[in-house]
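S.K.: sequence and predicted structure below; questions after.
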Amino acid sequence: MGGCVTDALRCAGYPVTVYDNLVYETRFFKDVPFIRGDVRDRKKLAPLLNAYDVVVALAAIVGDAACDINPDVTRAVNVASLRWLARAFQGKILFASSCSVYGASSGVITEESELNPLTLYAKTKAQSERDLLRSPRGNRHVIFRFGTLFGLGDAHARVRFDLVANAFTKNAAAGEPLRVFGGGRWRPLLHVRDAAGAILFALEHALAGVYNVSHENYMVKDIAETVREILSDAPVKIEYNNLKVEDLRDYRVSSEKLRAKGWCPTRDLGESVAELYARIREGRIKDLNDRVYSNEAFLKNRII
């Protein structure tokens, strides 16, 4: 998502500096100032902060399985680094949280609903939210509870095939069945570029507070059905499995608070499935099973 955010801010005329340790990349060629660094490196970060008015805090170990690989590293990156930043930085922080903090709920969730994080990933996001809101300048920061992302990001970014809609699209392009586990569970979906657009919107409109950010709520089975419908010319097979799943998340969210401010998502699921499918079928991705396209697979057995 960082690449999309960089592009969105640059196009709007904001000067952008990227601070990144390039965990998933081997190079960074965007035409913006770049600092190679880790968010855990406070000695490196501390003298840099006074030069900036806003920090868009995207750095994190993302995903339940990826976070479980090394819980200590996950807490250091996802919690401790932001806790320190909230105390050390004098400006405004725009923080990427997740709707995963809601865990499971039978109703439609608003920003006032109780948090019920079920996984280490969700718990780190919930803790970081609390730390940010309780910090000395907590009333000026923005917390985005993003839905499950889908779609292609900027031209240079890796695609993620460990996200449900992208995974189904990849399987369809590879001629594999779409295996649906826990198909009745709900997920709020959001295109990665709309996530970047929400960050830009919050900056342009001087927002503060907590916002759910999603395009539409889908049942997992309906995501698979949408992929099959959009790719009607391909022989897409869906396999439903009623076995109990480890992932117990099940939530529908309302993003009316942010929409009422004037934000509106622009990219729907169907168009994005078609776009990703076309890119794959054109042979633009050499190896669909390369570990870099999955956070868990790539980080496993790596020291970060």
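M.R.: Sure thing, it's come through.
S.K.: got the contact list for residue 184?
M.R.: 219-221 (CB atoms under 8 Å, 6 or more residues apart in numbering). The way it works is simple: take the backbone N, C-alpha and C, and place the C-beta from them, glycine included.
S.K.: now, which of those lie within helices?
M.R.: If you go by DSSP state H, the contacts of residue 184 have 220-221 in helices.
S.K.: from the contacts of residue 184, which is closest to residue 247?
M.R.: Of all those, residue 220 has the smallest distance to residue 247: 9.5 Å, by CB to CB.
S.K.: does that closest one touch residue 188 like I think?
M.R.: No - if you go by CB atoms under 8 Å, residue 220 and residue 188 don't touch, sitting 11.9 Å apart.
S.K.: want to throw the contacts of residue 184 into JSON lines with pLDDT?
M.R.: JSON lines is the format used below for those (pLDDT from 0 to 100):
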{"residue": "219", "pLDDT": "95"}
{"residue": "220", "pLDDT": "94"}
{"residue": "221", "pLDDT": "95"}
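S.K.: so which of the contacts of residue 184 wins on neighbours?
M.R.: The residue in the contacts of residue 184 with the most neighbours, by other CB atoms under 10 Å, is residue 220 (22 neighbours).
S.K.: where do the strands sit along the protein?
M.R.: For the chain, strands defined by DSSP state E occupy the ranges 18-20, 34-36, 54-57, 92-98, 104-109, 142-146, 148-150, 178-181, 186-191, 209-213, 216-219, 238-241, 250-253.
S.K.: let's have those strands in TSV, adding distance to residue 82.
M.R.: Output for these, formatted as TSV (distance: least, CB to CB, whole Å):
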stretch	distance to residue 82
strand 18-20	13
strand 34-36	18
strand 54-57	6
strand 92-98	7
strand 104-109	23
strand 142-146	11
strand 148-150	20
strand 178-181	32
strand 186-191	21
strand 209-213	15
strand 216-219	28
strand 238-241	37
strand 250-253	22
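S.K.: OK, contacts around the residue nearest to residue 292 when sequence neighbours are not counted?
M.R.: On the basis of CB to CB, 6 or more residues apart in numbering, the spatially nearest residue to residue 292 that is not a chain neighbour turns out to be residue 298, at 5.2 Å. Shown in contact with residue 298 (CB under 8 Å, 6+ apart): 24, 291-292.
S.K.: mind giving me the PyMOL command for buried ones among those residues?
M.R.: Only the buried members of the contacts of residue 298 enter the following PyMOL selection, criterion being 16 or more other CB atoms under 10 Å:
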select buried, resi 292
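S.K.: of the contacts of residue 298, which is the nearest to residue 201?
M.R.: Using CB to CB, the contacts of residue 298 come closest to residue 201 at residue 24, 26.4 Å.
S.K.: is that closest one in contact with residue 159, as I believe?
M.R.: No - using CB under 8 Å as the test, residue 24 is too far from residue 159 to be in contact (11.1 Å).
S.K.: related to what we said a few turns ago, and the contacts of residue 298, which is closest to residue 207?
M.R.: Closest to residue 207, out of all of the contacts of residue 298 and judged by CB to CB, is residue 24, at 29.2 Å.
S.K.: rewinding a little: and the residue nearest to residue 292, what's its pLDDT?
M.R.: Looking at residue 298, its pLDDT stands at 96.
S.K.: what's the answer for residue 246, then?
M.R.: Residue 246 is assigned 63 on the pLDDT scale.
S.K.: same check, this time on residue 183
M.R.: The confidence metric pLDDT takes the value 85 at residue 183.
S.K.: what distance do you get for the residue nearest to residue 292 to residue 266?
M.R.: Going from residue 298 to residue 266 by CB to CB, to the nearest Å gives 30 Å.
S.K.: in TSV: the contacts of residue 184, plus distance to residue 70.
M.R.: Supplementary listing: these in TSV, determined by distance: CB to CB, whole Å:
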residue	distance to residue 70
219	32
220	28
221	33
